[in-house]
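Novice: Dropping the sequence and predicted coords here.
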Amino acid sequence: MDELIVLKRDCKAIEIPSGVPRVLAAGSMVRISQFLGASYTVISDIGYMCRIDAIDADALGLTPTQTAAGAPAQGPFNEKEMWDQLRTVYDPEIPVNIVDLGLIYSCDVTSLEDGGKKIEVKMSMTAPGCGMGNVLKADVENKLQRLPQVKNVNVEVVFDPPWHMGRMSDAAKLQLGLDLDEPHNPVVHFPR
């Protein structure tokens, strides 16, 4: 979208890349730069880039999307569903999910004595100073806690080894317009 949108009401937002919570005032003007997963990335008329959760879409004059919040799903645990949920989490600056971006370093599932599941995730960010780490960590925790039989989720943000473009899937590289055969700098900082 390239049109300016006037916020219909005060709206909670998270500044990108600092991760600082903000309230965008009613009457402020924003431009939506992307909508992926369950949030909008907007650029305010005064230059802030922010993330607005989809449940606050009405502030943008849009219809809020239904979220899967609430009680965990029923049925057996399915590892494919776990990876599908992780693919619904997006870096707010890059239109690629965190799995294809290569931010998930490990995802271990263990069975608990009471029959439930524990999921332990190690993930990284594209840049060590990214303030969105706790926001994306919370997104991952919330998505995985909704899966059937999941009773415990522990997500750790790590920077060793440092993330590099070689961790991205070929689909992500193509989506970002990168040449699959060209060697890339091992550490890339996306423009903020």
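Specialist: All right, it came through fine.
Novice: Quick check on Lys57: phi, psi?
Specialist: In this structure residue 57 is Ala, not Lys. phi -60, psi -30 (degrees, to the nearest 10).
Novice: Now it: closest residue in space, sequence neighbours ignored.
Specialist: The shortest distance from Ala57 to any non-neighbouring residue, by C-beta to C-beta, 6 or more residues apart in numbering, is to Pro64 (4.4 Å). The C-beta positions use only the backbone N, C-alpha and C, and glycine is treated the same way.
Novice: The one you found against Ile52, yeah?
Specialist: No - with contact defined as C-beta atoms under 8 Å, Pro64 does not reach Ile52; the gap is 10.8 Å.
Novice: So the two - more neighbours on which side?
Specialist: Shown here are Pro64 and Ile52; by other C-beta atoms under 10 Å, Ile52 has more neighbours (24 against 13).
Novice: all strands of the chain, in order?
Specialist: 5-6, 11-16, 21-24, 29-36, 39-44, 49-53, 104-111, 117-123, 150-157 (DSSP state E).
Novice: Would you mind giving the domain segments of the protein?
Specialist: 5-60, 79-175 (automatic domain parsing).
Novice: Mean pLDDT and distance to Ala73 for those - can I get that in a markdown table?
Specialist: Shown next, in a markdown table, are the domains of the chain (pLDDT from 0 to 100; distance: least, C-beta to C-beta, whole Å):
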| stretch | mean pLDDT | distance to Ala73 |
| --- | --- | --- |
| domain 5-60 | 92 | 16 |
| domain 79-175 | 93 | 5 |
